[in-house]
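Participant: what's the 3D shape of this:
(4 chains)
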Number of protein chains: 2
Amino acid sequence: MEEGQPGMSDQVKVSPARRRGLSDEVADRIREAIFGGAYPPGAQLREVELSAAMEVSRGPVREALRVLEREGLVRCAWHRGTTVTTLSPGDVAELDSLRGALEDLAVRQVIMRASDEDLAALDKAAEVMAHVTDAHDMVRLDIAFHDAVFAAAGHQRLADAWDGLRCQVHLFLLTRINRSVEGYLGRMPREHRDLVAALRSRDIDSALRLFAAHRRHAVDVLGGSSKPN
Amino acid sequence: MEEGQPGMSDQVKVSPARRRGLSDEVADRIREAIFGGAYPPGAQLREVELSAAMEVSRGPVREALRVLEREGLVRCAWHRGTTVTTLSPGDVAELDSLRGALEDLAVRQVIMRASDEDLAALDKAAEVMAHVTDAHDMVRLDIAFHDAVFAAAGHQRLADAWDGLRCQVHLFLLTRINRSVEGYLGRMPREHRDLVAALRSRDIDSALRLFAAHRRHAVDVLGGSSKPN
DNA sequence: CGATGACCTGATGTCGACATTACTACAACG
DNA sequence: CGTTGTAGTAATGTCGACATCAGGTCATCG
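Facilitator: A predicted model of the protein is given here:
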């Protein structure tokens, strides 16, 4: 319905040009602040403090915090304030299993009905990771690549479900690079390239296997007490 | 972490007793109003009208509408108001595929680590459907049964993801019973009983097959032009 | 007569202030 | 000395009013 059909007369060069509200702007700021380390997991996010710092009223801040709650980045308790999410080992397991279910569907959708433009976008998302030296930037691009995968799936609700996990995965990856950056910077570009190649080959089984292995590499760093690397 | 471990000293008889906000109350009211037919798909939900009807301010109404938006029940546009979601055939396809991915994971989780109490709750949820004559009530119990399945999975984020679909599935089932109630009232109790039996048998493959068939029965009513009933 | 522009209406977005609630520390009591 | 009741405090929840924006209507111009 809403998806732009390639080949029609509408100019795909112009973006929908939809105006965003102030709440989204505030949500972006707070999100980046959390990812930047200004608010570590468990820290309290006071509405008055945030509204004063950004020079906006508490209304947009409230809505922004609810947006971040939907993304799983913070937890809101009634009359008890908002705190940055702390991921327990059980949470990481939940994240991994649900992400696996979503990504499996995404891979199938991409292989079934992805356009050449979508695959080109995946290529680009994988290539920009090649010459990155900062671990934080690499995490950002890692998430961006998987965003591109879900976008290429052409499945709005699947992308929405991923939106409910991506920030928590981002948080998890941040703790991961704190444990060990070894090999992360060097391996990620190669792995993502292999992922795109598997998608291009349209071989569902091998693609699913590669994506599963890719997820496992991330989890193994934390929980892998018996099998280091 | 938060899950009540059976056999510990904490009395499972008492509920967590946490108070809800006014926004959630308003959200429940609007949700029920939509399911009751007061606001058909495409209808506009005006904040002033709702706040006046419920004798609350616009603040809680705003938050409630955002909650309903997260559930996919309404769509909010910037400065353009909120409207009840209308499900296109493409939306129904998205709903079905994503629900399948989530339910597959739920079935696996239930078979792996569901307690006897969880299975008993599933039995109960399936049994209460036996003597229902109203189609709307049947839809409600249908959703409630699948809620129980996701609850038995013991996977918070999976249940959250299902929360983003359940209202849309509810909406879809309402349009389904408008097309044909034939056999729906009689078949649902039996199918759900079979679903529980498959879960109890701990046979993953057969359970997945039964759940897939169950979902297919619902979709076939709308899209099945070649195979009526 | 058709197209274009400004105005008007109705809605949502935002703001500041008040009411309500939960946490904490302290005092009184058993 | 441990427990319970109570006030204080600081945060969130809620409210009403103002500012801003999108869509529709009508007058004007070509």
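
Participant: make it CA atoms for all contacts and neighbour counts henceforth
Facilitator: Noted.

Participant: so how far is chain B from residue A:209?
Facilitator: 17 Å (Cα to the nearest Cα, to the nearest Å).

Participant: So that residue versus residue A:104, what's the distance?
Facilitator: 10 Å (Cα to Cα, to the nearest Å).

Participant: With residue A:25 instead?
Facilitator: In terms of Cα to Cα, residue A:25 sits 32 Å off from residue A:104.

Participant: just to revisit the earlier point, between residue A:209 and residue A:104, which one's more packed in?
Facilitator: Neighbours were counted for residue A:209 and for residue A:104 using other Cα atoms under 10 Å in any protein chain shown; residue A:104 has more, 19 against 13.

Participant: what's the pLDDT at the more buried one?
Facilitator: For residue A:104, the model assigns a pLDDT of 98.

Participant: who in chain A is up against DNA strand C?
Facilitator: A:21, A:22, A:23, A:55, A:56, A:57, A:58, A:59, A:60, A:78, A:79, A:80 (Cα under 7 Å from any atom of the strand).

Participant: Throw these into JSON lines and include pLDDT and distance to residue B:65, thanks.
Facilitator: JSON lines is the format used below for those (pLDDT from 0 to 100; distance: Cα to Cα, whole Å):
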{"residue": "A:21", "pLDDT": "90", "distance to residue B:65": "16"}
{"residue": "A:22", "pLDDT": "93", "distance to residue B:65": "17"}
{"residue": "A:23", "pLDDT": "95", "distance to residue B:65": "15"}
{"residue": "A:55", "pLDDT": "94", "distance to residue B:65": "26"}
{"residue": "A:56", "pLDDT": "95", "distance to residue B:65": "22"}
{"residue": "A:57", "pLDDT": "95", "distance to residue B:65": "20"}
{"residue": "A:58", "pLDDT": "95", "distance to residue B:65": "18"}
{"residue": "A:59", "pLDDT": "95", "distance to residue B:65": "15"}
{"residue": "A:60", "pLDDT": "96", "distance to residue B:65": "15"}
{"residue": "A:78", "pLDDT": "92", "distance to residue B:65": "18"}
{"residue": "A:79", "pLDDT": "93", "distance to residue B:65": "20"}
{"residue": "A:80", "pLDDT": "92", "distance to residue B:65": "22"}
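
Participant: So residue A:75, which state does it fall into?
Facilitator: Following DSSP: H, G, I helix; E, B strand; the rest coil, the label given to residue A:75 is strand.

Participant: quick one, what contacts it?
Facilitator: Contacts for residue A:75 (Cα atoms under 8 Å, 6 or more residues apart in numbering or on different chains) come out as A:69, A:82, A:83, A:84, A:85.

Participant: and if you look at residue A:169?
Facilitator: Going by Cα under 8 Å, 6+ apart, the list of residues near residue A:169 reads A:95, A:143.

Participant: and it, how far is that from DNA strand D?
Facilitator: 25 Å (Cα to the nearest atom of the strand, to the nearest Å).

Participant: likewise residue A:118?
Facilitator: 29 Å.

Participant: What strand or helix carries the residue nearest the centre of chain A?
Facilitator: Geometric centre of chain A, nearest residue: residue A:166, 3.2 Å, by Cα atoms, centre = their mean. Assessed by DSSP states H and E, residue A:166 sits inside helix A:156-179.

Participant: Which element is encountered next along the chain beyond that helix?
Facilitator: Toward the C-terminus from helix A:156-179 - assigned by DSSP H and E - lies helix A:184-201.

Participant: got the residues of chain A near DNA strand D?
Facilitator: A:19, A:45-48, A:59, A:62, A:76-82.

Participant: now, which of the residues you listed lie within helices?
Facilitator: A:47, A:48, A:59, A:62 (DSSP state H).

Participant: May I have the predicted confidence score for the residue nearest to the centre of chain A?
Facilitator: Residue A:166 is given a pLDDT of 97.

Participant: in the helix or strand of chain A with the lowest mean pLDDT, what's buried?
Facilitator: The weakest-scoring helix or strand in chain A, judged by mean pLDDT, DSSP states H and E, is helix A:204-223 (a mean of 91). Using 16 or more other Cα atoms under 10 Å in any protein chain shown as the test for burial, helix A:204-223 gives A:204, A:207, A:208, A:210, A:211, A:212, A:214, A:218, A:219, A:221, A:222.

Participant: again with stretch A:55-69
Facilitator: A:58, A:60, A:61, A:62, A:63, A:64, A:65, A:66, A:67, A:68, A:69.

Participant: Identify the spatial nearest neighbour of residue A:148, chain neighbours not counted.
Facilitator: Excluding its sequence neighbours, the residue lying closest to residue A:148 (Cα to Cα, 6 or more residues apart in numbering or on different chains) is residue A:122, at 6.0 Å.

Participant: Residue A:65 too?
Facilitator: residue A:27 (6.8 Å).

Participant: and that neighbour, what helix or strand is that in?
Facilitator: Judged by DSSP H and E, residue A:27 forms part of helix A:22-35.

Participant: In terms of secondary structure, what does that helix contact?
Facilitator: helix A:58-70 (3 or more Cα pairs under 8 Å, 6 or more residues apart in numbering or on different chains; DSSP states H and E).

Participant: Contacts made by the helix it packs on with the rest, please.
Facilitator: A:22-24, A:26-27, A:31, A:47-48, A:50-51, A:74-76, A:82, A:164, B:63, B:70.

Participant: How about stretch A:140-160?
Facilitator: A:3, A:102-103, A:106-107, A:109-110, A:113-115, A:118-119, A:121-122, A:125-126, A:128-129, A:162, A:166, A:169-170, A:188, A:192, B:94-95, B:98.
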